[in-house]
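>>> this is the structure alone, sequence omitted:
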């Protein structure tokens, strides 16, 4: 009996005479592949490195061990504590660096941690890095967009300042049109009228104010229109916890966000989004809380003047929020603790969230809490807490679709834990339905099939790119094999398995448990047989009893030159399959003729053949 978690060695590795079953150079191949496979199966390894890094590890291993199966191979790859002496004979092998650079580019260095503290290698590779902290809320705020656009629109609250330009037009009994500038005394000069004091006048009242002064001279028959054309250029200091403190130029109508963006934004590691102050003459002129802008779009307008100073304070308190929320960020607090219900305003839980967990640091200890979102009245969040919103919903019902020859409902709502017989009881098969070949498709099975396919492709890629060549001719052959393999890999990566579950003996079919999202397909009875793959004319043929696979292939035009007539897959309507030209053909079957693998490397050819066979069964695809 095989224990869960056991490592099953492929049968071609087992041999009574050799530790890995294959002598000589082939044994070196097998040991390298076994070492890679074991490394991929050990939990945690795949998360810490790419298949290319695993390939590089085997390449380095081969160069250290000099190609000897006794001093290197899988044993040295799995146990970094075992030292291998280099070969005394200088190696004339040609490293496959050209293949790596051509197909994958420069290889990244392996960053796997070395075992420490006397831990065995298995324990060392299972160690994983801690989860990264969420990003700071507002971290994407200052990315250059504020400083790219200056505010030149009409602001009725803007007050006239020295240097502002005003477009003045007068018509009627006296005409005048010019752009006048507010002088250092706060006046503009109008011919025949004299100086008009406008310093401090609101933009919304500017036209009435100028018109009232003109009426003192021209009581009638003269129209007046006055409007600001451009705000004054100012220079403002930006300091505190910003990325690049300094003196920055802008318009007096520009917002605080413009100058903060010009200074590189708030220092995310230390700066505060709650404490932004504008100092004028050493006193606080205005204070801003940028969370109001981030969450509600509110920011008070402020007219800046030369010499103003924008100061960003230091962040004091913060918490981390993750899980089922719209805003999974690190939030800043204005106080060392807040009520948990107020956190909902900034975190904004998703509709699926039901609970939150709190991990709190109390000295050297960690304390955890767990609360329902509906009961947060007395729950307190403190500085440094890690809050995770979760969805603790238990399935009460599942939704199953019925497709094919069914005259009843096509969507069934069944209780959680329902079985196939419960779905059968609510179906109405059509007269032409083939009830004996019911098919079941499941999303989770398709995902798992895709994972297994990807792992096989990664192993194939590592296998074809890691071997060393002893001669130039062998290197050319290996390069051709690599090109062929990478073509197969590129095409196979885009294939999605269908996730079909092969139902077992008929007496066990009604007891199969159903999952949410399952698709039950009732195929129609048919008298056709599909023939495709490496045949001359892929087509559908009428089923005839006592007709062999070769007969159907002959009716489809025969095998192509690329066909491997020893690799024929026959897939039946119920999902079962058989292999070989001696298969029993039934109505509704699919005959798939797989292609030959044009390579002289038997290990490489065997691996590709297995992948092609798997694609034929799991995805009904022939590459």
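Now that the structure is in, tell me what you want to look at. Source: prediction; values computed, not measured. Residues are numbered from 1 along each chain as shown.
>>> give me the below-cutoff pLDDT ranges for the stretch 501-623 of the chain.
504, 597-623 (pLDDT under 70).
>>> what about the helices in it?
Secondary structure of the stretch 501-623 of the chain by DSSP state H, counting those that start in this stretch: the helices cover 549-555, 602-618.
>>> cool, the stretch 351-500 of the chain as well?
420-424, 443-465, 472-492.
>>> could I get those as a markdown table with distance to residue 202 and mean pLDDT?
Just so you know, the C-beta spots here come from the backbone N, C-alpha and C atoms, and that holds for glycine as well. Shown next, in a markdown table, are these (distance: least, CB to CB, whole Å; pLDDT from 0 to 100):
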| stretch | distance to residue 202 | mean pLDDT |
| --- | --- | --- |
| helix 420-424 | 74 | 91 |
| helix 443-465 | 64 | 81 |
| helix 472-492 | 67 | 76 |
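>>> of the ones you listed, which is nearest residue 298?
helix 443-465 (44.2 Å; CB to CB).
>>> list the buried ones in the closest one?
Across helix 443-465, burial judged by 16 or more other CB atoms under 10 Å covers 445-446, 449-450, 453, 456-465.
>>> stretch 210-229 too?
Going by neighbour count (16+ other CB under 10 Å), the buried part of stretch 210-229 is 210, 211, 213, 214, 218, 222, 224, 226, 228.
>>> just the closest of the residues you listed to residue 138, please.
Nearest to residue 138 among those: residue 228, at 32.6 Å, using CB to CB.
>>> what strand or helix carries that closest one?
Secondary structure from DSSP states H and E places residue 228 in strand 222-230.
>>> confidence-wise, which helix or strand of this structure is lowest on average?
The least trusted helix or strand in the chain, going by mean pLDDT, DSSP states H and E, turns out to be helix 73-78, with a mean of 33.
>>> where does the stretch 151-300 of the chain have low pLDDT?
Per-residue confidence of the stretch 151-300 of the chain (counting by pLDDT under 70) places the weak regions at 152-155, 230-231.
>>> what ranges do the strands span in it?
Counting by DSSP state E, counting those that start in this stretch, residue ranges of the strands within the stretch 151-300 of the chain are 165-172, 176-181, 187-190, 194-197, 222-230, 233-240, 246-251, 271-280, 283-288.
>>> name every strand pairing with the second one and say which way it goes.
Strand pairing for strand 176-181, using DSSP bridges, gives strand 165-172 (antiparallel).
>>> can you give me the angle the strand it pairs with makes with strand 222-230?
Interaxial angle, strand 165-172 versus strand 222-230 (axes from the mean of the first three to the mean of the last three CA atoms, to 10 degrees): 160 degrees.
>>> which residues touch strand 165-172?
Contacts made with strand 165-172 from outside it, assessed by CB atoms under 8 Å, 6 or more residues apart in numbering, are listed as 160, 176-182, 188, 190, 198, 206, 210, 214, 218, 221-230.
>>> next: stretch 414-432.
Residues external to stretch 414-432 that are found in contact with it (CB under 8 Å, 6+ apart): 394-400, 402, 405-409, 412, 435, 438, 440, 509-514, 520, 522, 524-525.
>>> which of these fall within strands?
Secondary-structure check on the contacts of stretch 414-432 using DSSP state E: residues within strands are 397, 398, 399, 400, 402, 412, 440, 520, 522.
>>> ok, so of those residues, who is nearest residue 139?
For the ones in strands among the contacts of stretch 414-432, the closest approach to residue 139 (CB to CB) belongs to residue 399, at 39.1 Å.
>>> can you tell me which of the helices of the stretch 351-500 of the chain is nearest to residue 275?
Using CB to CB, the helices of the stretch 351-500 of the chain put helix 443-465 closest to residue 275, at 47.5 Å.
>>> quick revisit: any chance of the helices of the stretch 351-500 of the chain in TSV with distance to residue 343 as columns?
Written out in TSV, the entries for the helices of the stretch 351-500 of the chain read as follows (distance: least, CB to CB, whole Å):
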stretch	distance to residue 343
helix 420-424	43
helix 443-465	34
helix 472-492	47
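>>> nearest to residue 553, out of those helices?
Distance to residue 553, taken as CB to CB, is lowest for helix 472-492 among those, at 23.3 Å.
>>> buried ones in the closest one, by neighbour count?
For helix 472-492, the neighbour count (16+ other CB under 10 Å) marks 475, 478, 479, 481, 482, 484, 485, 486, 488, 489, 492 as buried.
>>> tell me the contacts of residue 227?
Taking CB under 8 Å, 6+ apart as the contact definition, residue 227 lies against 166, 167, 206, 207.
>>> type out the ChimeraX command that picks the buried ones from these.
The command below creates a ChimeraX selection of those among these that count as buried (16+ other CB under 10 Å):
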select :166,206,207
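>>> quick check, nearest of the contacts of residue 227 to residue 285?
residue 206 (22.7 Å).
>>> what bridges to the closest residue to the closest one other than its chain neighbours?
For residue 206, the nearest residue in space outside its immediate sequence neighbours is residue 226; the separation is 5.5 Å by CB to CB, 6 or more residues apart in numbering. The residues listed as beta-bridge partners of residue 226 by DSSP bridges are residue 168.
>>> count the neighbours of residue 260 for me.
26 (other CB atoms under 10 Å).
>>> the stretch 301-450 of the chain: strands as residue ranges?
Secondary structure of the stretch 301-450 of the chain (DSSP E, counting those that start in this stretch): strands at 309-314, 317-323, 330-333, 337-339, 355-362, 365-372, 380-382, 386-390, 397-404, 411-415, 439-441.
>>> show me what counts as buried in the third one.
Which is strand 330-333. When neighbours are counted by 16+ other CB under 10 Å, the buried residues of strand 330-333 are found to be 330, 331, 332, 333.
>>> just the buried residues from the contacts of stretch 414-432, in PyMOL please.
Here is the PyMOL command that selects the buried residues among the contacts of stretch 414-432 (16+ other CB under 10 Å):
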select buried, resi 398+400+402+405+406+412+438+440+509+512+514+520+522+525
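>>> how about the buried residues of strand 330-333 in TSV, adding distance to residue 579 and pLDDT?
Listed next are the buried residues of strand 330-333 as TSV, based on distance: CB to CB, whole Å; pLDDT from 0 to 100:
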residue	distance to residue 579	pLDDT
330	56	93
331	59	93
332	64	93
333	65	92
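>>> name the nearest of those relative to residue 549.
So of the buried residues of strand 330-333, ranked by how close each gets to residue 549 (CB to CB), first place is residue 330, at 63.6 Å.
>>> what bridges to the closest one?
On the basis of DSSP bridges, residue 330 takes part in beta bridges with residue 136, residue 320.
>>> that one and residue 369: what is the separation?
As judged by CB to CB, to the nearest Å, residue 330 and residue 369 stand 19 Å apart.
>>> residues contacting residue 568?
549, 553, 579, 580, 581, 583, 591, 592, 593, 594 are the contacts of residue 568 under CB under 8 Å, 6+ apart.
>>> sorry, slip of the keys, the one I care about is residue 443.
Residue 443 makes contact with 499, 515, 517 under the criterion CB under 8 Å, 6+ apart.
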